[in-house]
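K.L.:
Got a sequence here, can you model it:
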Amino acid sequence: MNKNNNKKNILFWGIFALFFFVGQKNAFASGGYQAEGTAFYAQKNSSGYVLEGAGFYAESNQVSGSTPIYRFYNSTTGDHFYTISEDEKNSLANNAQSGYSLEGVVYYAFPTQVSGSSPVYRFVNPTTNDHFYTISEDEKKLLINNTQWGFQIEGVAFYAYSSQINGSSPIYRLYNSSTNDHFYTISEDEKNKISVTPVYRFYNAKTGDHFYTISEDEKTILVKNTQGNYLPEGVAFYANNTQASGSVPIYRLYNSTTGDHFYTASEDEKNSLANNAQSGYVSEGIAFYAYTSQVSGSSPVYRFFDSTTGDHFYTISEDEKNYLILSPLGPDISVGLWYFSKTDIQNSPFEITANKNYNIKDANGNVLGQVNADSATYVSYRDNGNLDISGSIPDTSTYSNVTFDATDGDNTSLIFNVHRPGSSLDHYRDKIKVQYYRGPDIYGGDTSNTVTQIWVINILPLEHYVWGAGELTGTGPMEHTKVMTTIFRTYGYWYVKYATKYAPYGFKIRSDSGSQVYNGYDWEMQYSNIKTAAQATRGIIVGYSGDVALTPYSSYSDGRTRSYEEVWGSTAYPWCQSVSDPYGKYPGSTLPSGNHMVGLIAHGSLNLADDPYKWDYQRILKYYYTGISLNTFY
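P.N.:
Just a heads-up that it's a prediction; the model follows:
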């Protein structure tokens, strides 16, 4: 039973890693890393559970006099509950309001005392909702006598063994300090997969080497030995320090000439290097255990090689991977398309089909199903954050969100039909996510109001996002369309880098005028000049003093644009200065409402791109935005 909270140590490492990585990004870029593919699969996050040892011993199969122990899970509280009682099991399983879902029979114990057995006591903590089970009389007394811990005894749960007798197996106890849950399992496999251990990453600025270790002793030595030139970069990923079912050893080799540490799951690769003196690598044994194919909850660990320094670099982070091999289509942007109310999606579930085969994945990235292109999938809302999936796969419930992407791994050619209610804009590129949200109404602007919403989110590269720019039609001069696609891209890129307002919903930017209008693939097909202009300006972002510059614009001016300070009172946008604007002056006597006249004037751009001026898009942008640069960011 763990009463200590280790969050402080985890937080320290997380902050340090973030700080250090930000400082090292340029070193990666200049180092010339080349992708070498997936090295192995590991866990991106800790399960939060720490092994506390064997709680007691029970039977893995039913023996004379034994009865099944049922396990339930409450996704709201994070509690695991165990019972031998058929009545208790049926009461929970048949009551959706309880919040508990049956996970099946986990082992067998005795309803009454048999030879060699002892009572296993059940406690509940009403504050944390944790159920705790112990065979220890000392532990029982400790909990009863320390009422400040909040545990209340509920009696004898069942009878088991305090030591391994009669062919019994250990029931492992694990503790999660974040959810305050105690978890019990007879499965070695489940124990090993849940009790993953952090693999720490260090960086040696002198040699350029990245070093990875699962050993707390090794980590401590490196942290204390500042003369060794290794600086901690935090937790790289999570793996096993003993072999779990399906896992393989990850071997570590060292090259004293280059200072590189190399990690591989391949026996052939290990043997080829270790048995070849010319390679310069010497085996250092098994570093940790991971997987050669994706298992539940695991993610790919990508391997990179820098031929300049000889360093091999490993990362589970999609952001780090994308930074090192940034796609010519740019970084991903997540766009909130629309949301269902709880009632709306229950009455009329979300429907999705695609132009090619697609995956259905849960919030942890586990594949729930692989679906033929012509098969429709439906998503509805059940309760307590659980989504129901049906149609293309057997009815399945999953928590928080579900993502749809390409089975063949190529999302760039994947187009989904999301059957958007009341709209002809049904088709969207790349990935779709359906996300549960409950919290303040940030989107509607009334944060005092708590709402339940199920959002439909489009996740796609920034260039594909620009192709669906609903702020323009591309029907004017091409140089004007280039101006507008560059502004649209810049605004989107700013949201990718800095926006946090809509993060609780699971996306970066809205698809309506609350951010900027994005209409997806149907718009792209209807107004093809947008894509043509975007391709001609691919990756170009409006910048100022080395950073992305926000680019406000409006339709008309009164003959002069306004500075940002003049309209909104801030001096933080020095590129938005007042300039003379006879080109975008409104022809009527009263300027239409909504024209703030800060930054670019769209009709001015339209006129400057046409006869008699024929300005190119760069000249137009630099006229309306003072002192900007136009750089290719990807």
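
K.L.:
who's in contact with the residue nearest to residue 338 when sequence neighbours are not counted?
P.N.:
Closest residue to residue 338 apart from its sequence neighbours, by Cβ to Cβ, 6 or more residues apart in numbering: residue 456 at 5.7 Å. Heads up, the C-betas are built off the backbone N, CA and C, glycines and all. Residue 456 sits next to 336-340, 350, 418, 420, 432-434 when contact means Cβ atoms under 8 Å, 6 or more residues apart in numbering.

K.L.:
Can you list the buried residues in whichever strand or helix holds residue 456?
P.N.:
Under the criterion of DSSP states H and E, residue 456 resides in strand 446-461. Using 16 or more other Cβ atoms under 10 Å as the test for burial, strand 446-461 gives 451-461.

K.L.:
Kindly reformat the residues you listed as CSV containing pLDDT and distance to residue 117.
P.N.:
Output for those, formatted as CSV (pLDDT from 0 to 100; distance: Cβ to Cβ, whole Å):
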residue, pLDDT, distance to residue 117
451, 96, 52
452, 96, 47
453, 97, 51
454, 98, 48
455, 98, 52
456, 98, 54
457, 98, 53
458, 98, 57
459, 97, 54
460, 96, 59
461, 94, 61
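
K.L.:
Now tabulate the residues you listed in TSV and tack on distance to residue 123.
P.N.:
Compiled in TSV, these are given as follows (distance: Cβ to Cβ, whole Å):
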residue	distance to residue 123
451	37
452	33
453	37
454	37
455	39
456	43
457	42
458	47
459	44
460	50
461	52
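
K.L.:
Nearest to residue 122 among those?
P.N.:
residue 452 (33.4 Å; Cβ to Cβ).

K.L.:
So that closest one is in contact with residue 440, correct?
P.N.:
No. Using Cβ atoms under 8 Å as the test, residue 452 is too far from residue 440 to be in contact (11.7 Å).

K.L.:
Low-confidence regions, the stretch 251-400 of the chain specifically.
P.N.:
Scanning the stretch 251-400 of the chain for pLDDT under 70 picks out the ranges 326.

K.L.:
Got phi/psi on residue 323?
P.N.:
As for residue 323, its main-chain torsions (degrees, to the nearest 10) stand at phi -60, psi -40.

K.L.:
no no, residue 464
P.N.:
Backbone torsions of residue 464, given as degrees, to the nearest 10, read phi -60, psi -30.

K.L.:
show me the contacts for the closest residue in space to it that isn't next to it in sequence.
P.N.:
Among residues not flanking residue 464 along the chain, residue 429 sits closest, at 4.8 Å (Cβ to Cβ, 6+ apart). Contact analysis of residue 429 by Cβ under 8 Å, 6+ apart lists 411-412, 414-416, 458, 460, 464, 467-468, 520-521, 524.

K.L.:
Give me the buried subset of those.
P.N.:
Among those, the ones that count as buried (16+ other Cβ under 10 Å) are 411, 414-416, 458, 460, 464, 467-468, 520-521, 524.

K.L.:
and of the residues you listed, the nearest to residue 153?
P.N.:
Of those, the one sitting nearest to residue 153 (Cβ to Cβ) turns out to be residue 458, at 51.9 Å.

K.L.:
on that earlier part again, look up how far residue 504 lies from the residue nearest to residue 338.
P.N.:
Separation of residue 456 from residue 504 (Cβ to Cβ, to the nearest Å): 16 Å.

K.L.:
One more: residue 492?
P.N.:
For residue 492 relative to residue 504 (Cβ to Cβ), the value is 20 Å.

K.L.:
Which stretches in the stretch 251-400 of the chain count as helices?
P.N.:
Assigned by DSSP state H, counting those that start in this stretch, the helices in the stretch 251-400 of the chain fall at 267-274, 318-324, 342-347.

K.L.:
any chance of those in a markdown table, with mean neighbour count and distance to residue 236 too?
P.N.:
What follows is these, written out as a markdown table (neighbours: other Cβ atoms under 10 Å; distance: least, Cβ to Cβ, whole Å):
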| stretch | mean neighbour count | distance to residue 236 |
| --- | --- | --- |
| helix 267-274 | 14 | 20 |
| helix 318-324 | 16 | 10 |
| helix 342-347 | 15 | 38 |
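
K.L.:
Just put the buried ones among the contacts of residue 429 in CSV and tack on secondary structure.
P.N.:
Output for the buried ones among the contacts of residue 429, formatted as CSV (DSSP: H, G, I helix; E, B strand; the rest coil):
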residue, secondary structure
411, helix
414, coil
415, strand
416, strand
458, strand
460, strand
464, helix
467, helix
468, coil
520, helix
521, helix
524, helix
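
K.L.:
Could I get those residues in CSV, plus columns for distance to residue 270?
P.N.:
Formatted as CSV, the buried ones among the contacts of residue 429 follow (distance: Cβ to Cβ, whole Å):
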residue, distance to residue 270
411, 34
414, 37
415, 43
416, 42
458, 43
460, 39
464, 41
467, 45
468, 47
520, 48
521, 46
524, 48
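
K.L.:
Rank those residues by pLDDT and give me only the lowest.
P.N.:
Of all these, residue 411 has the smallest pLDDT value, namely 90.

K.L.:
Help me confirm that that one comes into contact with residue 458.
P.N.:
No. With contact defined as Cβ under 8 Å, residue 411 does not reach residue 458; the gap is 11.2 Å.

K.L.:
Residues that sit against both of the two, list them.
P.N.:
By the contact definition Cβ under 8 Å, 6+ apart, residue 411 and residue 458 are jointly contacted by 429-431.

K.L.:
Narrow those to those in strands?
P.N.:
Applying DSSP state E to these, the entries found in strands are 429, 431.

K.L.:
And the shared contacts of residue 411 and residue 458, which is closest to residue 477?
P.N.:
Comparing the shared contacts of residue 411 and residue 458 against residue 477 with Cβ to Cβ picks out residue 429 as the nearest, at 26.7 Å.

K.L.:
Residues in a beta bridge with the closest one, which ones?
P.N.:
Assessed by DSSP bridges, residue 429 has beta-bridge partners residue 415.

K.L.:
Apart from its neighbours in sequence, what residue is nearest residue 336?
P.N.:
Nearest one to residue 336, counting by Cβ to Cβ, 6+ apart, is residue 507 at 4.1 Å.

K.L.:
which residues touch residue 160?
P.N.:
Taking Cβ under 8 Å, 6+ apart, one finds 56-58, 109-110, 117-118, 120, 135, 168, 171 in contact with residue 160.

K.L.:
same question, residue 447
P.N.:
Counting by Cβ under 8 Å, 6+ apart, residue 447 has contacts 440-441.

K.L.:
And it, how far from residue 441?
P.N.:
In terms of Cβ to Cβ, residue 447 sits 6 Å off from residue 441.

K.L.:
Report how many residues lie close to residue 83.
P.N.:
19 (other Cβ atoms under 10 Å).
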